[in-house]
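> Kindly return the folded structure for what I paste below:
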Amino acid sequence: MKKALNFVVAALLIFIPISTKTMPPKCVKAPLEHTAGAAGISPDLTAQYSTINFKYFQGTLPQISVVLSNQHSTDMGVTLPLPNKSFVIIIFSRWAVAPVTQTETLMHEMCHVDMEVKGIHEFNVHGPHWQNCMLNLAKEGAFHDVW
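Just a heads-up that it's a prediction; the model follows:
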């Protein structure tokens, strides 16, 4: 399963340059620009995802893998849907260098996953529902060690 997911992630990273004629999936913030680079499933970030999921989302988010990539992107992270109704979160270490920044980026992306799971699609991907998710995380202390 892990090898298959690594293959899917590698394929996504190779073919992600989205043409200007194609609209990105609702949970993708913007078309990505990628160049060759290392990418792989991060066991630490995947474990953090599971912990945050159960602690702050009551386990309602799907189990997914989190990829840490050093590929070029203008984003700190991105959430991509997979065909099996799952997702992959990619965190770009170029911008999210420190572990604390990676954790904050992970929670940011988890709010995108939450909206997708709930079927909430806003014109602005950082609209009121997404902002409410982030605010709830802050109120529950999720960012206590982050900011």
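> Sketch out the low-pLDDT regions of the protein for me.
Counting by pLDDT under 70, the chain shows low-confidence ranges at 1-39.
> Counting by contacts, list what the helix ranked longest in it packs against.
Across the chain, the longest stretch assigned as helix under DSSP state H is helix 99-118. Helix 99-118 sits against helix 43-56, strand 77-81, strand 87-92, helix 128-139, with contacts defined as 3 or more Cβ pairs under 8 Å, 6 or more residues apart in numbering; DSSP states H and E. Where you see a C-beta, it was placed from the backbone N, CA and C, and this is true even at glycine.
> Distance to V146 and mean neighbour count added to the ones you listed, as JSON lines?
As requested, these are exported to JSON lines (distance: least, Cβ to Cβ, whole Å; neighbours: other Cβ atoms under 10 Å):
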{"stretch": "helix 43-56", "distance to V146": "11", "mean neighbour count": "16"}
{"stretch": "strand 77-81", "distance to V146": "14", "mean neighbour count": "22"}
{"stretch": "strand 87-92", "distance to V146": "14", "mean neighbour count": "24"}
{"stretch": "helix 128-139", "distance to V146": "9", "mean neighbour count": "15"}
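> For V100, which of these is the nearest?
Among those, helix 43-56 comes nearest to V100, with 11.2 Å by Cβ to Cβ.
> ok, the next helix or strand after that closest one: who's next to it in the sheet?
Remark: after helix 43-56, the chain's next helix or strand is strand 65-69, criterion DSSP states H and E. Partner strands and pairing direction for strand 65-69 (DSSP bridges) are strand 39-41 (antiparallel), strand 87-92 (parallel).
> So which of those strands is nearest S69?
strand 39-41 (3.9 Å).
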